[in-house]
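Visitor: Dropping the sequence and predicted coords here.
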Amino acid sequence: MQGIRKNYLTVYGDGTIVPDNDTIGYIGEHLATELVFTLPDNLLEGSYVYSLNFEDENGNTSVGTMLKSTLTFVVPQSLTETNSLKLQLLITDDGRVIFNSSVITLKLHSSVELAPQTESRYEGLLEDTLSKFNSLMEQLGGEDLSKIKGVIKIEKTSSTGLTDVYTVTYTDNTTSRFIITNGKDGSDYVLTDDDKQEIARLIGTHAVKTALDAELKANTEYYIGTQTAVKLVYPQSGNAGDSIYVNFTGASSGTSLTAKNCVGLADFQPQSGYVCEIHAQYDGSRWVCLTAQTETAV
């Protein structure tokens with residue numbers, strides 16, 4: 001699996017933003033590119049809130065909050081669904097606008113450029129799933145494997161138009177399935193929340209839950225629906241690289257958010273009717289929010 005790529009953007013006092021590369025990755029990628037900003041000294045203040053306004057080709061808008069300590073933002077899949085993405089930096093202090101940059105357009109390659117067949121990007125993930133499962137089986141060689149529910153095979157079982165259905169067969173003879181919906185010309189994958197949950201469960205490195213734990217569990221994805229109050233208590237410790245993902249929708253009456261033991265979330269405000277995504281990772285000494293953003297609910 002490739003590591004996260006970095007795209008460095010220099011911000012100038014006149015509002016200009018100059019990226020070192022105006023192409024930030026491929027359509028359908030999730031958390032594969034980190035935007036790293038360099039700002040003038042006069043725009044670096046502890047009380048400032050650094051937000052990124054996004055708009056894709058379809059007019060869908062979302063807002064992301066950068067991590068203050070590093071001025072970085074990791075791009076989630078919800079922002080990589082079209083060929084280009086407009087970006088604008090907004091800096092505020094206690095609700096007052098301090099700086100508003102010009103709008104730049106970043107590009108995304110079509111996934112078809114990765115390989116001649118449209119399914120190759122996803123098949124790599126499926127092969128990685130089986131590889132991790134086989135590795136686990138080897139490590140558990142002395143255990144009673146009959147008690148372990150694992151994956152025997154993953155295969156495409158039907159196709160309708162640009163929609164493919166994959167069936168997963170387990171060691172206890174049960175099955176489940178997930179759906180891949182392709183975009184234009186069958187080249188761009190659009191994963192639903194159900195797809196993401198199924199993939200996370202199959203890979204096995206992440207648990208998937210529909211309710212928050214009193215203390216969040218490392219390497220867990222939480223899909224908790226519409227909420228009026230969200231309390232995130234991150235673990236006191238962890239292993240470097242551990243991650244936690246939280247997905248919820250802001251209630252029409254508003255949603256309060258509190259977070260403990262994680263830096264970078266103090267200024268994030270959920271919006272009513274919008275899907276909120278929070279991705280945090282343990283850096284070896286503390287939990288750090290990599291991405292906190294809102295997007296229009298589907």
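Guide: Okay, I see it.
Visitor: switch to C-alpha atoms for all contacts and neighbour counts from now on
Guide: Will do.
Visitor: Residue ranges in this structure under the pLDDT threshold?
Guide: Within the chain, the segments meeting pLDDT under 70 span 1-3, 67, 111-153, 160-164, 170-172, 177-206, 296-298.
Visitor: Neighbours of Ser176, how many?
Guide: 11 (other CA atoms under 10 Å).
Visitor: Checking my notes, Ser47 in a helix, right?
Guide: No: checked against DSSP: H, G, I helix; E, B strand; the rest coil, Ser47 lies outside a helix; its state is coil.
Visitor: Wait, a strand at Ser78?
Guide: No: secondary structure assignment places Ser78 outside any strand; it is helix (three-state DSSP).
Visitor: separation between it and Glu55?
Guide: Plainly put, Ser78 is 11 Å away from Glu55 if you go by CA to CA, to the nearest Å.
Visitor: Any idea how far stretch 269-284 is from the middle of the chain?
Guide: Taking CA atoms, centre = their mean, to the nearest Å, one finds the center of stretch 269-284 at 9 Å from the center of the full chain.
Visitor: now what about that stretch, what contacts it?
Guide: Contacts of stretch 269-284 from elsewhere in the structure, counted by CA atoms under 8 Å, 6 or more residues apart in numbering, are 237-257, 262, 287-297.
Visitor: Send me that stretch as PDB with only the CA atoms.
Guide: Once side chains and other backbone atoms are set aside, the C-alpha atoms of stretch 269-284 remain, and they are given as PDB (Å, rounded to 0.1, in the frame of the first residue of the first chain):
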ATOM      1  CA  GLN A 269     -18.400  23.100  14.500                       C
ATOM      2  CA  PRO A 270     -20.900  20.600  13.100                       C
ATOM      3  CA  GLN A 271     -23.500  22.000  10.800                       C
ATOM      4  CA  SER A 272     -27.200  21.200  10.800                       C
ATOM      5  CA  GLY A 273     -28.200  18.800   8.100                       C
ATOM      6  CA  TYR A 274     -24.600  18.100   7.000                       C
ATOM      7  CA  VAL A 275     -22.600  14.900   7.300                       C
ATOM      8  CA  CYS A 276     -19.600  15.400   9.600                       C
ATOM      9  CA  GLU A 277     -16.500  13.300   9.300                       C
ATOM     10  CA  ILE A 278     -13.700  13.300  11.800                       C
ATOM     11  CA  HIS A 279     -10.500  11.300  11.300                       C
ATOM     12  CA  ALA A 280      -7.900  11.200  14.000                       C
ATOM     13  CA  GLN A 281      -4.600   9.300  14.300                       C
ATOM     14  CA  TYR A 282      -2.200   8.500  17.200                       C
ATOM     15  CA  ASP A 283       1.200  10.000  16.400                       C
ATOM     16  CA  GLY A 284       3.100   8.100  19.100                       C
END
